[in-house]
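> I would like the atomic coordinates for the input below:
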Amino acid sequence: QGVCAAPVWSPDGSTIAFFLAAPDDTQDLWLVNAASGVARRVTDTLPVGLRGRLVRPEKISYLSFDGRTIHAYLYRPPTLPPGTRAPAVLHIHGGPTSQFYDALDPLAQFLAARGYAVLMPNIRGSSGYGKEFEDLNNGDWGHGDLQDAIAGANWLRAQEWADGAHIGITGTSYGGCLSMSAVCNAPGEFQAAAPHAGYADWVFVMGEQERRHLQLMQYEFGDFEQNRAVYRHCSPVYNVRRAQTPTLVLHGEGLLPRSDDSRRFVEAMRREYKTVEYKTYPGECYYVRTRANLRRMYSDMAEFFDRYLRP
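Modelled structure (predicted):
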């Protein structure tokens, strides 16, 4: 498992420099001799003591509601006491036109080290599986793609080593959006949700977001004035009364670009007396990216999942 990126020839044509990443290793610089094919590592940015201790995920697949095959990465906890079952977390990627691939995912490693199984599915809308698959969720965010995630949760429930009664969901950006959709559109399906930098009301977002998001929405949903019903259909906030899942909403604040939509989602949940918490991290745009805040956010998420996903 691994992925090579950004190959560059040396001026004399004898060597190629490239980056190599793997699910259990950081992305580092390598050189390969063009004649012999022998490669050597130039940099090593994996923190001391972690080599050999990180989880190498399995690649699995399962069938979704309409018979389509969904591919996923499965991180099992490195240690599982005999006679116990591992609680699990579905980790959803952003985009949605993106994909999980053979690279290090710090959140998956963090949760696996704490005893969670982590399933990272490439749900419909993901890149890497052809244009038809990539466009399958156009105009249907939070519905068919959510069913792909639920099918992944059901796959976990069928594993004898997994605790199918305690499954959470999380993700950043679109992963946060789908986590919100899981809360509102699939009540009770998950036992905890931790959306990060998500959006729940695309009608509202039309009035606050910058050009790149507006262009994305126009491609995915169509012209706003002609397709308001589609924007509402893809907005889980309008189903907030159905929510049953304890939810921790995570968001950055203080820098541009920014968004108020996660806060508004929390307020809508509170008006309906739903179980919801809200944590923000200063000095960030809507995404939490700095090392100090990521450490805090991962710890906050772990404490929340421990509370609701461990019997």
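> tell me the SS of the residue nearest to Gly139 when sequence neighbours are not counted?
Excluding its sequence neighbours, the residue lying closest to Gly139 (C-beta to C-beta, 6 or more residues apart in numbering) is Val230, at 4.9 Å. No exception for glycine: its C-beta is placed from N, CA and C like everyone else's. Three-state call for Val230 (DSSP: H, G, I helix; E, B strand; the rest coil): helix.
> what do you get for Ala165?
Quick answer, by three-state DSSP: Ala165 is strand.
> Who are the contact partners of it?
Applying C-beta atoms under 8 Å, 6 or more residues apart in numbering, we find Ala165 in contact with Gln191.
> which parts of stretch 289-303 are buried?
Asn293, Leu294, Met297, Tyr298, Asp300, Met301, Ala302 (16 or more other C-beta atoms under 10 Å).
> Need the pLDDT of Arg211.
Per-residue confidence (pLDDT) for Arg211: 89.
> The chain should start at 416 in everything you say after this.
In the new numbering, first residue 416, that becomes Arg626.
> ok, so what distance separates it from Gly591?
For Arg626, the distance to Gly591 equals 21 Å [C-beta to C-beta, to the nearest Å].
> okay, those two: which has more neighbours?
Counting neighbours by other C-beta atoms under 10 Å for Arg626 and for Gly591 shows that Gly591 has the greater number, 29 against 7.
> Check the secondary structure at the more buried one for me.
With three-state DSSP as the criterion, Gly591 reads helix.
> Helices of the chain, start to end?
Taking DSSP state H to define them, one finds helices in the chain at 521-528, 546-549, 559-572, 589-600, 617-620, 626-636, 643-648, 676-686, 706-724.
> I'd like those helices written out as a markdown table, with distance to Val664 added.
Converted to a markdown table, the helices of the chain look like this (distance: least, C-beta to C-beta, whole Å):
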| stretch | distance to Val664 |
| --- | --- |
| helix 521-528 | 16 |
| helix 546-549 | 28 |
| helix 559-572 | 18 |
| helix 589-600 | 8 |
| helix 617-620 | 15 |
| helix 626-636 | 19 |
| helix 643-648 | 21 |
| helix 676-686 | 5 |
| helix 706-724 | 10 |
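> For Ala454, find the nearest of those.
Ala454 lies closest, by C-beta to C-beta, to one member of these: helix 521-528, at 24.6 Å.
> Can you mark which positions in the closest one are buried?
For helix 521-528, by 16+ other C-beta under 10 Å, it's Leu522, Ala523, Gln524, Phe525, Leu526, Ala527, Ala528.
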